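>>> Sequence first, then the predicted structure, then my questions.
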Amino acid sequence: TRTSRPQRILKAVQRKATVGDPQSVITAIDHFCRHREWAMNVGDEKGSILDSVVSEVSPVTVLELGTYCGYSTVRIARLLPPGACVITLEFNPDYAAIARQVIQWSGLEDKVQLVEGASGDWIPWMKEHFGVQAFDLVFLDHWKERYLPDTKLLEECGLIQKGTVLLADNVICPGTPDYLEYVRNSPRYNSHYYRSHLEYTKAEDGLEKSVFLGY
Ligand SMILES: C[S@@+](CC[C@H](N)C(=O)[O-])C[C@H]1O[C@@H](n2cnc3c(N)ncnc32)[C@H](O)[C@@H]1O
Ligand SMILES: O=C(c1ccccc1)c1ccc(O)c(O)c1[N+](=O)[O-]
Ligand SMILES: [Mg+2]
């Protein structure tokens, strides 16, 4: 086919959403993915859980691992107070290019720092390059086998401190068994499972929220 799925998602946003209205961008993507083509956004059902965790944490600095088209980036950024921001990492340049346009359409570009690159390469530079002391919230939603190594890397880099909240998508489907075992068995995390469904489907999935308790 001529266009990619992310390009078709962007078209749906440009056709159906209002510039500067993040909710209309979210609604347009969810409608497209539910009625036209499934896509791996966190979606509306798990997205509502994400919203409640963001509101509860009211973070100043958020790290998102895996941007794709920017759907969850917009969900997070629309809830951030002035001065707060989300740094989102995406290593696929085509996806990053679409996400920039989706984020721009939502009018939230001032609250978002989209970094084109791999989490493993960029996490060690977060302090130096972005002046981040520690993250208040990390949303893990990139390739599932990277959840555990990147969590350990964040710990080693001192980017996870007492009170930092990790929120992980897809802990059931496709599943992140090694990550789940780690956060649920570690004495340094307090974990809770939010049962839900794989985006736009009836399959079980859920989010795992893990609060770092400090060393
Ligand atoms: C499920 S999609 C993200 C969906 C997005 N969080 C949402 O809910 O709208 C996963 C994305 O992570 C990206 N990705 C996977 N591994 C990565 C890594 N190590 N560093 C940066 N991006 C990565 C993929 O290219 C893909 O776009
Ligand atoms: O891995 C997939 C996947 C596997 C196979 C086909 C399509 C997607 C997936 C499915 C649902 C998600 O919410 C998600 O974040 C991902 N992902 O790629 O990171
Ligand atoms: Mg996901």
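That came through, no problem. Fair warning: this is a prediction, and the values are worked out from it, not measured in the lab. Ligands and ions are numbered 1, 2, ... in the order given.

>>> Please identify the residues of the protein in proximity to ligand 1?
40-42, 66, 68, 71-72, 89-92, 95, 118-119, 141-143, 146 (C-beta under 6 Å from any ligand atom). Where C-beta positions appear, they are placed from N, C-alpha and C, glycine not excepted.

>>> Please indicate which of the residues you listed are buried?
Buried subset of those (neighbour count, 16 or more other C-beta atoms under 10 Å): 40-42, 66, 68, 71-72, 89-91, 95, 119, 141-142, 146.

>>> How about the contacts made by whichever residue of the chain sits closest to ligand 2?
Ligand 2 sits closest to residue 40 of the chain, with a gap of 4.1 Å, by C-beta to the nearest ligand atom. Counting by C-beta atoms under 8 Å, 6 or more residues apart in numbering, residue 40 touches 68, 199.

>>> Could I get the contacting residues of the residue of the chain found nearest ligand 3?
Closest residue of the chain to ligand 3, C-beta to the ion: residue 169 (3.7 Å). Contacts for residue 169 (C-beta under 8 Å, 6+ apart) come out as 42, 46, 139, 140, 141, 205, 207.

>>> How about the first one, nearest residue that isn't a chain neighbour?
Spatial nearest neighbour of residue 42, chain neighbours left out: residue 72 (4.7 Å); criterion: C-beta to C-beta, 6 or more residues apart in numbering.

>>> Could you check how far the closest residue to residue 71 other than its chain neighbours is from residue 15?
Once flanking residues are discounted, residue 71 sits nearest to residue 41: 3.8 Å by C-beta to C-beta, 6+ apart. Counting by C-beta to C-beta, to the nearest Å, the gap from residue 41 to residue 15 is 17 Å.

>>> Over to residue 65?
30 Å.

>>> do stretch 160-167 and ligand 3 meet?
No. Stretch 160-167 stays clear of ligand 3 (C-beta under 5 Å from the ion), getting no nearer than 11.1 Å.

>>> Pull stretch 164-181 out as CSV, backbone CA atoms only.
What follows is stretch 164-181, C-alpha atoms only, in CSV (Å, rounded to 0.1, in the frame of the first residue of the first chain):
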residue,chain,number,x,y,z
THR,A,164,9.4,7.5,41.2
VAL,A,165,6.4,5.7,39.6
LEU,A,166,7.0,3.2,36.8
LEU,A,167,3.9,2.4,34.7
ALA,A,168,4.3,-0.5,32.3
ASP,A,169,1.9,-1.3,29.4
ASN,A,170,1.3,-4.8,28.1
VAL,A,171,2.4,-6.8,31.1
ILE,A,172,0.0,-9.6,30.0
CYS,A,173,-0.3,-9.1,26.3
PRO,A,174,2.2,-9.4,24.6
GLY,A,175,3.6,-9.8,28.1
THR,A,176,6.8,-8.8,30.0
PRO,A,177,7.4,-11.8,32.3
ASP,A,178,11.0,-11.0,33.4
TYR,A,179,10.1,-7.3,34.1
LEU,A,180,6.9,-8.3,36.1
GLU,A,181,8.9,-10.9,38.2
